[in-house]
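Asker: Structure of the sequence below:
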Amino acid sequence: MSNIHFQGLGVALITPFREDGSIDFDALSRLLDFQLENGTDYIVALGTTAETPTLHKNEKAEIVRFIVEKVNGRKPVVMGIGGNNTAELAEDLRKTDFKGISAILSVTPYYNKPTQEGLFQHYCALSQASPLPIILYNVPGRTGVNMTAETTLRIARTCKNVIAVKEASGNLDQIKTIIDGAPQGFQVISGDDAVTTAVIEMGGIGVISVFGNAFPKEMAWLVHSALEGNAVNARNQMEQDFNRLFHLIFVEGNPAGVKCILHLKGMVNNRLRLPLVPVSEKTLLEIKEELARFN
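Answerer: Numbering: from 1, shown residues only. Below is the predicted model of the structure:
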């Protein structure tokens, strides 16, 4: 197993766009400063929240290069590389320049709905091809397939460079089974902001967060408080302060909600790429009203 650990708050960074739809690297620079100055433990580039399916291959490379140069070794950077064509992914893993990248985050194949055996063989192939540690990503709400605890543990025991799973199944029993059965060095990361403290209480090591884009300091406090054994107090405080916003940022999908918050904070344009669109006027007004409580 790798000795790299991703404990604490990871933030799945959005991709800011200019009004003409091109990538806004000035805004991306500001967002990275905001993360680095407010307690984020590591950056996740090209996750779901980055609208990665709408980015061209050269844009993905530019974004990763920019993030790596900006972070400049101050925090680990995790790079999302996932898909549903195993052979093509394995080739990408062999050919990509991973300078400045600490690990790969790779989502379960989507749309073609593999069996559990197919998932196992997929990750074995990626493991053999990857020069870096791999974090599995299970998010059945987006992919159409749930990777079971048994399959996750089978991969963890077989593929020594698979070091963690980002679990976004929403099934706390499944997550607990993985944590309880994990081989030494294999970690569980929450993939859902709302259950972060529950996962940490069971033995998870943190979260890869959407909400942290807009509230890194607060999410870092929540995660670190929970890791220090104060999960109940941290959860009560965050629910009191942010329960409504937690709901509102996902009510019309991700990253529309968190981009709306960042726009209202003056950090990015409220711009997404089709087929995603900004939140409705109704949701925008509700988010605006909720944000006013913190001013």
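Asker: And the helices in the stretch 101-250 of the chain?
Answerer: Counting by DSSP state H, counting those that start in this stretch, the stretch 101-250 of the chain has helices at residues 116-129, 140-143, 149-158, 172-181, 196-202, 216-227, 231-248.
Asker: a markdown table for those helices, including distance to L32 and mean neighbour count?
Answerer: (Each C-beta comes from the backbone N, C-alpha and C, glycine too.) Listed next are these as a markdown table, based on distance: least, CB to CB, whole Å; neighbours: other CB atoms under 10 Å:
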| stretch | distance to L32 | mean neighbour count |
| --- | --- | --- |
| helix 116-129 | 28 | 18 |
| helix 140-143 | 25 | 15 |
| helix 149-158 | 31 | 20 |
| helix 172-181 | 30 | 18 |
| helix 196-202 | 22 | 22 |
| helix 216-227 | 11 | 22 |
| helix 231-248 | 22 | 16 |
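Asker: Verify the stated contact: K166 with A103.
Answerer: No. When contacts are counted by CB atoms under 8 Å, K166 is not listed as touching A103 (10.8 Å).
Asker: Ok, which of the helices of the stretch 101-250 of the chain comes nearest G73?
Answerer: helix 216-227 (19.0 Å; CB to CB).
Asker: What is the neighbour count of V195?
Answerer: 21 (other CB atoms under 10 Å).
Asker: Distance-wise, check the nearest residue in space to it that is not next to it in sequence relative to S190.
Answerer: In space, and not counting its chain neighbours, V195 is closest to L172: 6.6 Å by CB to CB, 6 or more residues apart in numbering. Distance, L172 to S190, by CB to CB, to the nearest Å: 10 Å.
Asker: Need the overlap of contacts for those two.
Answerer: Residues touching both L172 and S190 (CB atoms under 8 Å, 6 or more residues apart in numbering): V199.
Asker: Would you state the strands of the chain in chain order?
Answerer: 8-12, 42-45, 77-80, 103-107, 134-138, 162-167, 187-190, 206-209 (DSSP state E).
Asker: can you put those in CSV and add distance to D24 and mean pLDDT?
Answerer: Output for the strands of the chain, formatted as CSV (distance: least, CB to CB, whole Å; pLDDT from 0 to 100):
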stretch, distance to D24, mean pLDDT
strand 8-12, 17, 98
strand 42-45, 15, 98
strand 77-80, 19, 98
strand 103-107, 23, 98
strand 134-138, 26, 98
strand 162-167, 26, 98
strand 187-190, 28, 98
strand 206-209, 21, 98
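Asker: what about those, which gets the closest to T96?
Answerer: With CB to CB as the yardstick, what comes closest out of the strands of the chain is strand 77-80 (8.3 Å).
Asker: That closest one: how far from the chain's middle?
Answerer: With CA atoms, centre = their mean, to the nearest Å as the basis, strand 77-80 stands 9 Å off its chain's centre.
Asker: Touching, V165 and I178? I think so.
Answerer: Yes. Counting by CB under 8 Å, V165 touches I178, with 6.5 Å between them.
Asker: picking that back up, name the residue in K166 and A103 with the higher neighbour count.
Answerer: For the pair K166 and A103, the greater number of neighbours falls to K166 (26 against 23), based on other CB under 10 Å.
Asker: In contact with G144, which residues?
Answerer: 110-111, 113.
Asker: Output those as JSON lines; include the columns pLDDT, neighbour count and distance to N254.
Answerer: What follows is the contacts of G144, written out as JSON lines (pLDDT from 0 to 100; neighbours: other CB atoms under 10 Å; distance: CB to CB, whole Å):
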{"residue": "Y110", "pLDDT": "96", "neighbour count": "17", "distance to N254": "15"}
{"residue": "Y111", "pLDDT": "95", "neighbour count": "9", "distance to N254": "18"}
{"residue": "K113", "pLDDT": "96", "neighbour count": "12", "distance to N254": "22"}
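Asker: And these, which is closest to A182?
Answerer: Y110 (24.7 Å).
Asker: Quick check: that closest one touching N146?
Answerer: No. Counting by CB under 8 Å, N146 is not a contact partner of Y110; they are 11.9 Å apart.
Asker: Extract the CA atoms of stretch 48-57 and return them as PDB.
Answerer: C-alpha atoms of stretch 48-57 as PDB (Å, rounded to 0.1, in the frame of the first residue of the first chain):
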ATOM      1  CA  THR A  48     -17.700  15.500 -11.500                       C
ATOM      2  CA  THR A  49     -18.000  19.000 -10.000                       C
ATOM      3  CA  ALA A  50     -15.600  20.300 -12.600                       C
ATOM      4  CA  GLU A  51     -18.100  19.500 -15.400                       C
ATOM      5  CA  THR A  52     -15.400  17.200 -16.800                       C
ATOM      6  CA  PRO A  53     -17.700  15.600 -19.400                       C
ATOM      7  CA  THR A  54     -18.000  19.000 -21.200                       C
ATOM      8  CA  LEU A  55     -14.300  19.700 -21.200                       C
ATOM      9  CA  HIS A  56     -12.100  19.000 -24.300                       C
ATOM     10  CA  LYS A  57      -9.000  16.900 -23.800                       C
END
